[in-house]
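**Student:** sequence and computational prediction follow.
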Amino acid sequence: MAFTHTPAAPATHTSRQADVWIAPAALVRMFGEPAEGDGYKISGQYVFVGADGGVARVYDWKATSLYEEEGGVSPGAFWATTRRVHFNVGAHDRATAARLVSWLCARGARTNAWGL
């Protein structure tokens, strides 16, 4: 199933349903700069809508100095990272999240840190 990057889609009340590993810089290259997160635990996010209307989002969680002030990486440095890092995938249900993960894996993401 195809997804469309739709920053204005309502992603409220989604919750973590899956995980994906991808380079933040790859997301920026494919979809542009991330939408603003909550300014604390989430520095940025991408919202997608599937062909069936399901909404899912990819977001960092406590990954930057917004959350970990001492020793944390700045949001700018995080989003410029070219190595794969962990992202949460939020959705209203696991099926939508799983479809988004599959779609992202076809574009270079992985389902774990070991590149599998």
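**Tutor:** Looks like it came in fine. Every value quoted in this text rests on a predicted model; they were computed, and no experiment measured them.

**Student:** I'd say residue 111 and residue 102 touch.
**Tutor:** No. Contact criterion CB atoms under 8 Å: residue 111 and residue 102 do not qualify, at 9.1 Å. The way it works is simple: take the backbone N, C-alpha and C, and place the C-beta from them, glycine included.

**Student:** helices or strands up against the helix or strand harbouring residue 27?
**Tutor:** Element membership for residue 27 (DSSP states H and E) is helix 24-31. Contacts defined by 3 or more CB pairs under 8 Å, 6 or more residues apart in numbering; DSSP states H and E place helix 24-31 against helix 75-79.

**Student:** quick check: angle from the very next helix or strand once past the helix it packs on to helix 24-31?
**Tutor:** Scanning forward in sequence from helix 75-79 by DSSP H and E, the next helix or strand is strand 85-91. Following axes from the mean of the first three to the mean of the last three CA atoms, to 10 degrees, one obtains 50 degrees for the angle between strand 85-91 and helix 24-31.

**Student:** what residues sit buried inside strand 85-91?
**Tutor:** Under the neighbour-count criterion of 16 or more other CB atoms under 10 Å, strand 85-91 has 85, 87-91 buried.

**Student:** how about stretch 57-70?
**Tutor:** Neighbour-count burial for stretch 57-70 flags 57-61, 63-67 (criterion: 16+ other CB under 10 Å).

**Student:** tell me which two in these are the farthest apart.
**Tutor:** 57 and 65 (21.6 Å; CB to CB).

**Student:** centre-most residue in this protein?
**Tutor:** residue 58 (2.1 Å; CA atoms, centre = their mean).

**Student:** good, wrapping up.
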